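*Asks:* Give the three-dimensional model of this entry:
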Amino acid sequence: MLYEITMIRAPNVKRFRTGIPAWIFIGTAVILLPIFAFMTIANINRQKENMVRLLVEKGAALIRSFEAGTRTGMMGRMSGSFKLQHLLIETAQQPDIIHLLVTDIHGSIIADSDADRIGEIYQSAPELVKLADQKTVQWRRVRTPDGTEIFEVFRRFFPTTQPWRNRPEHMMRPQGFGFKGRQERNGRHKRPEHMMMHQEFGPGGRQERNRPLPPQFIFVGLDTGSITAAQKADVRHSIVMGIVLLLIGLAGIALLFLAQSYRSTRASLSRIKAFSDNLVDNMPIGLVAVDDQQKVASFNHVAHSILGFATEKAVGQPAESLLPPELWLQINRLAFDEGIIEKEIECSLNDGHRIPLAISATVLHDEDGTFLGHVLLLKDLREVYALRKEIQRNQRLASVGRLAAGVAHEIRNPLSSIKGFATYFKERYHNKSDDLQIANIMIQEVDRLNQVIGQLLDFARPVKISKKNVSLVSLIQDSVKLVERQAAEKNIEIRTGISEEIRTALLDPDRVNQVLLNLYLNSLDAMENSGRLSVDVRADEQNSELAIKVSDSGYGINRDDLAHIFDPYFTTKSTGTGLGLAIAHNIVEAHGGRMAVESNPGQGTAFTVYLPITSEDKSDEQQTSHNGG
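*Replies:* From the prediction side, this is the model:
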């Protein structure tokens, strides 16, 4: 009836509960996954390098300590081979050492932490000939027959301070022995025992000159179990940290998008709220929204003007106690009547008045079907009802006009005949006073009937106006002169006032003068022996209208009669025809204007004629017609 309430849903886009599209998370994961994978792999490789460096340093430290122990330990009295073997066994007892052995350049085991392997060939030995000139520590991974992986550190073995082949010749002589084969006791000629184990003797038991010490190699086998376990733990830790960092990165980016989405959503909600508030406040009908707790949630100023209570006091109040019973009844009906209720009702206000309303009520749900409340739209029908009455009155006037035109035409011809016969009898019986008086009365009554029929025809036929650019001062003064004598007889004061804002107007002076004369006469009839008749002319710039107000201090018009004063044949005078105001109303409407009346019994009446202000550059002569019906 009034408005149709519809809910428009947005396109169905799949989103996470955060409101962010899924492709953003997928794209972020695709970008961050290679980065964190590279970082994790690099961290794992760095840990492996650190482990290898740690094992190499540990093996190198063991080799250096073993060489130092060999140099100092061989100062004792035990034989060199026994000392070397004993030192290997003692050193190999340290944790994480699998084996510790010394071989010659051919791979033959000279000393081993496992004494049973002395003299065997070290099968796992690399090509030692290539390593004879290298002093740096080498490493490799060796797997035993039982599958155990060993981290082996090796290099050339230097039990002396420098390689044998680079030592001076006096260092290679058999120091510490005399001609009889006994050891001299001079401490400064004493040789380390590991040097003595390589002395060779010639035929006959004669000691020959020492030859250079052949290259030896030392191998340290380290257990990688604990380090491998620690490395695996580090790898797991790195992977877990990589996954955690990836998740943190995804969460961080998601938070950034959420923050941006929050800001944009907040701005959008602010704009939507401003738009909806402005829409609700400026919509031409009243709106009352009731939430799911049966309390008023929204209330615009049009509803305030219709129902008559303040908006700030309405929001949050129980709807049952605030709304008129007729409106609350419609809301209750929505619980049993799905859809929209549209109807016209009469509503009782707090001040006791009853006004006609057109209402539209419906139930509000969200997208999930959850009940949100009710919404009620109101429209004041008082103006509509007034227009309906005006239309009905115009229809009645049209019918009366058509009937009056036909009746006047049929009556005027017989009246002419009657007046002719009355004139005949007046002339024939002029010497008889009674007959002459009767004839004069007949002629007067016929003239009065002709006047009434003339007014009836004026009301029925279309009003023709001829607009001219007229001085308002002259128009008002000329119209007032027509009633000055009658006003003076009743001791009535006439006052005029013309605003300087407007001096001329484009109108039909004869027709407007007819309207003003009718209003003057009605005002004079409403005042007995004294009073005041006022004529004011002003410009209504807001509506671009000329306002001519005729007011009096007479007895006024009853409130019940105000709605009928422009109806034809409606009059409260004993001698009136009831067509004066109806004709005046038609003339004003023919000018495109309107008439308004204000009256209080005992306080006077004021008629205001509103005529449109027409610019002077338009045609001076405009022929317009208006159907009185």
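*Asks:* Distance from the longest strand seen in the chain to the middle of the chain?
*Replies:* Across the chain, the strand with the greatest residue count (assigned by DSSP state E) is strand 354-365. Between the centre of strand 354-365 and the centre of its chain there are 28 Å (C-alpha atoms, centre = their mean, to the nearest Å).
*Asks:* Show residues contacting that strand.
*Replies:* By C-beta atoms under 8 Å, 6 or more residues apart in numbering, the residues outside strand 354-365 that reach it are 1-3, 5, 7, 289, 306, 327, 330-331, 333-334, 338-349, 371-382, 384-385. From N, CA and C alone the C-beta is placed, and that goes for glycine too.
*Asks:* if we go to 7 Å?
*Replies:* Strand 354-365 is contacted by residues 1-3, 5, 330-331, 334, 340-349, 371-382, 385 when judged by C-beta atoms under 7 Å, 6 or more residues apart in numbering.
*Asks:* Okay, domains of the chain per the record?
*Replies:* 15-164+211-282, 283-380, 386-458, 464-626 (automatic domain parsing).
*Asks:* Export the ones you listed as a markdown table, with columns for mean pLDDT and mean neighbour count.
*Replies:* Output for the domains of the chain, formatted as a markdown table (pLDDT from 0 to 100; neighbours: other C-beta atoms under 10 Å):
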| stretch | mean pLDDT | mean neighbour count |
| --- | --- | --- |
| domain 15-164+211-282 | 79 | 15 |
| domain 283-380 | 81 | 16 |
| domain 386-458 | 77 | 14 |
| domain 464-626 | 82 | 16 |
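*Asks:* Indicate each strand paired with the longest strand of the chain and its parallel or antiparallel sense.
*Replies:* In the sheet containing strand 354-365, its partner strands are strand 340-348 (antiparallel), strand 371-380 (antiparallel), by DSSP bridges.
*Asks:* if we compare those, which one ends up closest to residue 29?
*Replies:* Ranking the strands paired with strand 354-365 by their distance to residue 29 (criterion: C-beta to C-beta) puts strand 371-380 first, at 38.0 Å.
*Asks:* For the helix or strand just after that closest one, name the packing helices and strands.
*Replies:* Using DSSP states H and E, the helix or strand that follows strand 371-380 in sequence is helix 382-428. On a contact count with 3 or more C-beta pairs under 7 Å, 6 or more residues apart in numbering; DSSP states H and E, helix 382-428 meets strand 354-365, helix 433-460.
*Asks:* how distant is the following helix or strand past the longest one from the center of its chain?
*Replies:* Spelled out, that is helix 433-460. Past helix 433-460, heading to the C-terminal end, the next element that is a helix or strand (DSSP H and E) is strand 463-466. Its chain's C-alpha centre and that of strand 463-466 lie 59 Å apart, by C-alpha atoms, centre = their mean.
*Asks:* Name the SS class of the closest residue in space to residue 54 that isn't next to it in sequence, please.
*Replies:* Using C-beta to C-beta, 6 or more residues apart in numbering and skipping the chain neighbours, the partner closest in space to residue 54 is residue 227 (7.3 Å). When the structure is reduced to helix, strand and coil (DSSP: H, G, I helix; E, B strand; the rest coil), residue 227 reads as helix.
*Asks:* again, but for the one 10 residues further on
*Replies:* On the three-state scheme (three-state DSSP), residue 237 is labelled helix.
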